[in-house]
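Colleague: Everything below, folded, please.
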Amino acid sequence: MPDRISEDRIVIVAPTGRDAEVLRLVLTHGGLEGAVCVSLRAAIEALDQGAGALLMTEEVLARDAGLLAQWVARQPAWSDLPILLMRSDLAQLDSLTGGGFGPYGNVCLLERPLRSETLLSALDSALRARRRQYQVRSYLVEREQAAAALRELNATLEERVAQAVKEQRQTEAALLQAQKMEALGRLTGGVAHDFNNLLTAVLGNLELLQTRLSSGDQAARRLSEAAIRGIERGSRLTQQLLAFGRKQNLQLRPVDLNEAIRGMSDLLARTLGSTFQVENELAEDLWLAHVDENQLVLVILNLAINARDAMPLGGTVRIRTENVPGADNRHPGDLAPGDFVRISVIDNGIGMDEEVLAKVFEPFFTTKQQGKGTGLGLSQVYGLSKQSGGTVSIESAVGEGTAVHVYLRRADQDAHDGADGSGRHEIAVSVPPDKVVLIADDDAEVRGVFVDYLARLGFRAIEAESGPDALARIYDGERIDLLLADFAMPGMNGAELVRRAREGRPELPVLLVTGYVDDAQLGSLDVEILRKPIRLADLGARVCEMLGSPETRPPIPLDEPSLARRASAD
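Modeller: Next up, the predicted model:
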């Protein structure tokens, strides 16, 4: 890079003899920088680049007086360049200037011959004056910059105020939406828990009733089966409500999303129909996701069915997977820091407007015709993603289609390598069947059904209406081989009951039969879990398994709905 030109240098123009070289040597000995120019035109080019003063002899005016006057006239307002003019013939100089130096600006006359000290002193004074001009220049530049900034500020003030107000309203709207969803979650979760207890009591009594029906009473059996199917529909609704409220019991583990999606190919093809095509756009080297795989399948199926319903004439449903690193700017605002895996289900259907988008996650909100859905599908997607540590976002426009993006937290590869896939251990111990089961549930109807059914299987069942009541029976020394408890009980929940019970009975087996389990409260407690409402045959099988009894499954039919039926009801 070329050396920076000093603004303190002295431009020298002395075309006669050795005057220029002698003057440069005097300046050098005095600690000043001199730049020799062969003509005034060359000197003016040097002045435009920067200089502290102009030192010239009288002969220069004789040749280019007009050129110098022009340059002086076009100086910036802050500049008044010191010009030191060395003269020897006063008469000749007067004839050139007409007796005045006005057109030439800030001129100082030096009469030759002169001592070097005199020259250096004059130049030093000139440079001090020039530096003050530089200070004025800096002040003017700063003032102009401040004025320009103020002009820009005034010009954009209204726009910036409008933007600030818009951002504030967006933040307030996001906070209000989060609070509303949280309140709805608590409400629906509580309602679903209570409703599960009602369904459990009704389902259990119906199944017990079926065992009393004679084989020839087909009409009564059909009616009871229809009632049980209605209860199963109600059970699916409560599970969706618990999903939205983030109160369902999830079996979170590392899952290969690409493998899960490939495994759904046949199910999706049958569910969507022949007029729809499913295209998978699966990322290579996809991270594992931390999620409940069974619930994930329902989520993808729900979203695919929604995409199908948005394309009445048929079309293509695209399912895309990709890694979203923590530094990626595609993170939604309500997503915690960290790495995530994203599943997107995309259609080119009718799309949604902003008014619909603002409500799509609310329970029971639907744009489908009456009887075509419950309005809980997207609520379930929202609840699962939130409970799994992620979130969900939607992009849509009328006539352009919809893209639903589900963000799931990245899982640890080591945890996946060490997982056994089941989370349960087989018990192969054979013991006598006269086992005692303590049933702790605050709902008397549920307790009654469980006691009656387990007694039919040969177990002795005793009841406790609360956590403290159950603890009293345990500490009183009664024989108890299995604790069967609800989780959400007033005063003392199931997790606290298990901890207190195992302080005195550390090996006590525990089976939680509940519609809602808070995994954070359970922590590392070793318990088995069944979800309400439950078929009595499944309850009996699990109790027999945990107590090591040979399983004799009662002849109660299990009519489990298919995944496609469960999702299409949403």
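
Colleague: ok, residue 296 - contacts?
Modeller: Counting by CB atoms under 8 Å, 6 or more residues apart in numbering, residue 296 touches 255, 257, 260, 289, 384, 408. Every residue, glycine included, has its C-beta placed from N, CA and C.

Colleague: For the last one, give the beta-bridge partners.
Modeller: This points to residue 408. When bridges are assigned using DSSP bridges, the partners listed for residue 408 are residue 341.

Colleague: so residue 79 makes contact with residue 133?
Modeller: Yes. With contact defined as CB atoms under 8 Å, residue 79 reaches residue 133; the gap is 5.9 Å.

Colleague: Between those two, point out the one with more neighbours.
Modeller: For residue 79 versus residue 133, neighbours defined as other CB atoms under 10 Å are more numerous around residue 133 (19 against 16).

Colleague: Kindly reformat the contacts of residue 296 as a markdown table containing secondary structure, pLDDT and distance to residue 59.
Modeller: Shown next, in a markdown table, are the contacts of residue 296 (DSSP: H, G, I helix; E, B strand; the rest coil; pLDDT from 0 to 100; distance: CB to CB, whole Å):
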| residue | secondary structure | pLDDT | distance to residue 59 |
| --- | --- | --- | --- |
| 255 | strand | 91 | 94 |
| 257 | helix | 92 | 90 |
| 260 | helix | 89 | 95 |
| 289 | strand | 92 | 89 |
| 384 | helix | 75 | 94 |
| 408 | strand | 91 | 88 |
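
Colleague: Just give me the closest of those residues to residue 328.
Modeller: Comparing those against residue 328 with CB to CB picks out residue 408 as the nearest, at 14.4 Å.

Colleague: ok, how many other residues are close to the closest one?
Modeller: For residue 408, the tally of surrounding residues (other CB under 10 Å) stands at 27.

Colleague: domain parsing for this structure?
Modeller: With automatic domain parsing serving as the domain definition, the record reports that the chain contains domains spanning 10-114, 156-244, 253-418, 436-568.

Colleague: how about the strands of the stretch 101-250 of the chain, start to end?
Modeller: Remark: strands of the stretch 101-250 of the chain, listed N- to C-terminal, are 106-111; assignment by DSSP state E, counting those that start in this stretch.

Colleague: Between the domains of the chain, which one is closest to residue 4.
Modeller: Distance to residue 4, taken as CB to CB, is lowest for domain 10-114 among the domains of the chain, at 9.1 Å.

Colleague: and that closest one, how far from the chain's centre?
Modeller: Distance of domain 10-114 from the chain centroid (CA atoms, centre = their mean, to the nearest Å) equals 69 Å.

Colleague: quick one on the thing from earlier: give the PyMOL command for selecting the buried subset of the contacts of residue 296.
Modeller: In PyMOL, a selection of the buried entries from the contacts of residue 296 looks like this (16 or more other CB atoms under 10 Å):
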select buried, resi 255+257+260+289+384+408
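
Colleague: any idea which of the contacts of residue 296 is the one closest to residue 465?
Modeller: residue 384 (33.3 Å).

Colleague: give me the low-pLDDT residue ranges for the stretch 101-250 of the chain?
Modeller: Applying pLDDT under 70 to the stretch 101-250 of the chain flags residues 174-196, 198, 214-216, 233-250.

Colleague: What lies in contact with stretch 5-17?
Modeller: With contacts defined as CB under 8 Å, 6+ apart, stretch 5-17 is touched by 20, 23-24, 27, 32-40, 42-43, 46-47, 49-57, 59-60, 63, 86, 123, 127, 130-131, 134.

Colleague: Endpoints of it, how far apart?
Modeller: For stretch 5-17, the first-to-last residue distance is 27 Å (CA to CA, to the nearest Å).

Colleague: Next, the buried residues of it.
Modeller: For stretch 5-17, a neighbour-count test (16+ other CB under 10 Å) marks 9-15 as buried.

Colleague: And stretch 538-546, by the same measure?
Modeller: For stretch 538-546, the neighbour count (16+ other CB under 10 Å) marks 538-546 as buried.

Colleague: do stretch 77-85 as well
Modeller: Taking 16+ other CB under 10 Å as the basis for neighbour counts, the residues of stretch 77-85 that come out buried are 79-85.

Colleague: Stretch 108-124 now?
Modeller: For stretch 108-124, burial by neighbour count (16+ other CB under 10 Å) applies to 108, 119-120, 122-123.

Colleague: Next: stretch 388-404.
Modeller: Of the residues in stretch 388-404, those with enough neighbours to count as buried (16+ other CB under 10 Å) are 388-394, 396, 401-404.

Colleague: From those, which land in strands?
Modeller: Judged by DSSP state E, the subset of the buried residues of stretch 388-404 located in strands is 391-394, 396, 401-404.

Colleague: Got the phi and psi for residue 513?
Modeller: Geometry field for residue 513 lists phi and psi as phi -110, psi 100, criterion degrees, to the nearest 10.

Colleague: correction: residue 11
Modeller: The phi and psi values for residue 11, taken as degrees, to the nearest 10, are phi -90, psi 120.

Colleague: about what we covered before: quick one: the buried residues of stretch 108-124 as a markdown table, columns for distance to residue 171 too.
Modeller: A markdown table is the format used below for the buried residues of stretch 108-124 (distance: CB to CB, whole Å):
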| residue | distance to residue 171 |
| --- | --- |
| 108 | 67 |
| 119 | 71 |
| 120 | 68 |
| 122 | 68 |
| 123 | 65 |
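
Colleague: picking up where we left off before, quick one: closest of the domains of the chain to residue 142.
Modeller: Closest among the domains of the chain, once you apply CB to CB, is domain 10-114, at 12.2 Å.

Colleague: Straight-line length of that closest one, end to end?
Modeller: The first residue of domain 10-114 is 18 Å away from its last residue (CA to CA).

Colleague: what's the answer for stretch 384-403, then?
Modeller: For stretch 384-403, the first and last residues are 18 Å from each other (CA to CA).

Colleague: ok, back up a step: report the buried members of the contacts of stretch 5-17.
Modeller: Those of those that meet the buried threshold are 20, 23-24, 27, 32, 34-37, 40, 43, 46-47, 51-57, 59-60, 86, 123, 127, 130, by 16+ other CB under 10 Å.

Colleague: Of the residues you listed, which belong to helices?
Modeller: Assigned to helices by DSSP state H, the following of the buried ones among the contacts of stretch 5-17 qualify: 20, 23-24, 27, 40, 43, 46-47, 59-60, 123, 127, 130.

Colleague: Let's have those residues in CSV, adding distance to residue 307.
Modeller: Written out in CSV, the entries for those read as follows (distance: CB to CB, whole Å):
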residue, distance to residue 307
20, 87
23, 88
24, 85
27, 84
40, 82
43, 79
46, 75
47, 74
59, 92
60, 87
123, 85
127, 79
130, 76
